[in-house]
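Novice: quick one: sequence and predicted model below, then my questions.
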Amino acid sequence: FSVLTNTFKAEAGTHPVIINFSTKSGTNHYHGHVRALYLDPDLSSRDFFDALKKSKSAMRSLGIQLSGPISFPKLYKGKDRTFFLLDLETIYQRYASTGFTAVLSDAQRLGDFSGLAPNRWPKDPLMGEAFPGGRIPAERILPQSRFFIDSFIPKATRDNQWIRTERNTSHGTQFTARVDHQLSSADTLTASVFVGPFRGTGSNPSIEQAEFGGQQRTANLAVHHTHTFSPHVVNAFTFGKSSASTHGAGLGRFDNVDPSKYGFNIHNPDTGYTGIP
């Protein structure tokens, strides 16, 4: 495959990025193989950009491929004319990554922003001016705000930075199919389809027992026709269609939290639930 980001030829049009990839075609003989890949985290090295610790990434994949001529007994014989290729692969991956996020300092968690430049001091919503000295009085910090800071904003690990480890998993199946047909000695028609649905889950260490999940589905269709006018003149027509969809959801659990204690009083008359939605 190749990725083009500039200096396109006229055939590429005006798209910002062009990705070209090629797949194998069938032959006059049937071929097939089964492949497996397993990456053990104990054998992995530390990532170059992950200076804290060795990665715990793992990967497993299993694939099968079959290709050859398309033939139906007593109906059609595709030797030298029509060929197919089918490929199916399942992939599971588990990986961990280290992230860095700027968070409040210990003083800022208590309302003291005096360490910042005066133009960045928080403003008093009642007066419209910055709090004197960049310090928010303790009595002006609402219980809801304190609950949010303590529950959702982690404490700085180093230099106002929160260093975290995220654990993620993804698994899915990808399928590729291709058909080649020799229309005549001068015309060749090729069609290929790729479908790749994947699901993934991840953790958010800032919230205890919180996790998120998502699903992504990608599909590509390509049709290619080549006509040879002469040994020096060839015309190629290509049609492609791609689609992608992503769905995600997050979930944080608050089984041991009484929201009303912190000033939250959200009531759903349909379910009788009172608390955080």
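Specialist: Received it, and whenever you're ready, just let me know what you need.

Novice: what about the strands in the stretch 151-277 of the chain?
Specialist: 161-182, 187-203, 211-230, 233-251, 267-268, 273-274 (DSSP state E, counting those that start in this stretch).

Novice: top helix in this protein by residue count?
Specialist: helix 143-152 (DSSP state H).

Novice: picking that back up, I'd like the strands of the stretch 151-277 of the chain as TSV, with mean pLDDT appended.
Specialist: Below are these laid out as TSV (pLDDT from 0 to 100):
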stretch	mean pLDDT
strand 161-182	86
strand 187-203	86
strand 211-230	86
strand 233-251	81
strand 267-268	58
strand 273-274	50
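
Novice: reformat the ones you listed as JSON lines; add mean neighbour count and distance to residue 83.
Specialist: All C-beta spots, glycine's among them, are computed from the backbone N, C-alpha and C. As requested, the strands of the stretch 151-277 of the chain are exported to JSON lines (neighbours: other Cβ atoms under 10 Å; distance: least, Cβ to Cβ, whole Å):
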{"stretch": "strand 161-182", "mean neighbour count": "16", "distance to residue 83": "5"}
{"stretch": "strand 187-203", "mean neighbour count": "16", "distance to residue 83": "10"}
{"stretch": "strand 211-230", "mean neighbour count": "14", "distance to residue 83": "14"}
{"stretch": "strand 233-251", "mean neighbour count": "10", "distance to residue 83": "19"}
{"stretch": "strand 267-268", "mean neighbour count": "10", "distance to residue 83": "60"}
{"stretch": "strand 273-274", "mean neighbour count": "12", "distance to residue 83": "60"}
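
Novice: now these as TSV including distance to residue 40?
Specialist: Converted to TSV, the strands of the stretch 151-277 of the chain look like this (distance: least, Cβ to Cβ, whole Å):
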stretch	distance to residue 40
strand 161-182	16
strand 187-203	21
strand 211-230	25
strand 233-251	29
strand 267-268	48
strand 273-274	45
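
Novice: related to what we said a few turns ago, state the mean pLDDT of the longest helix of the chain.
Specialist: On average, the pLDDT along helix 143-152 is 82.

Novice: buried residues, that helix. List them.
Specialist: 146-147, 149 (16 or more other Cβ atoms under 10 Å).

Novice: now do it: distance to the chain's middle.
Specialist: The chain centroid and the centroid of helix 143-152 are separated by 30 Å under Cα atoms, centre = their mean, to the nearest Å.

Novice: same check, this time on stretch 188-199
Specialist: Per Cα atoms, centre = their mean, the centroid offset for stretch 188-199 relative to its chain is 19 Å.

Novice: over to stretch 109-116?
Specialist: With Cα atoms, centre = their mean, you get 37 Å for stretch 109-116.

Novice: residues contacting that stretch, please?
Specialist: For stretch 109-116, contacts defined as Cβ atoms under 8 Å, 6 or more residues apart in numbering pick out 105, 107-108, 120-122, 131, 133-138, 140-141, 149, 153, 155.

Novice: swap in stretch 119-130?
Specialist: Stretch 119-130 is contacted from outside by 113-114, 118, 131, 134, 136, 140, using Cβ under 8 Å, 6+ apart.
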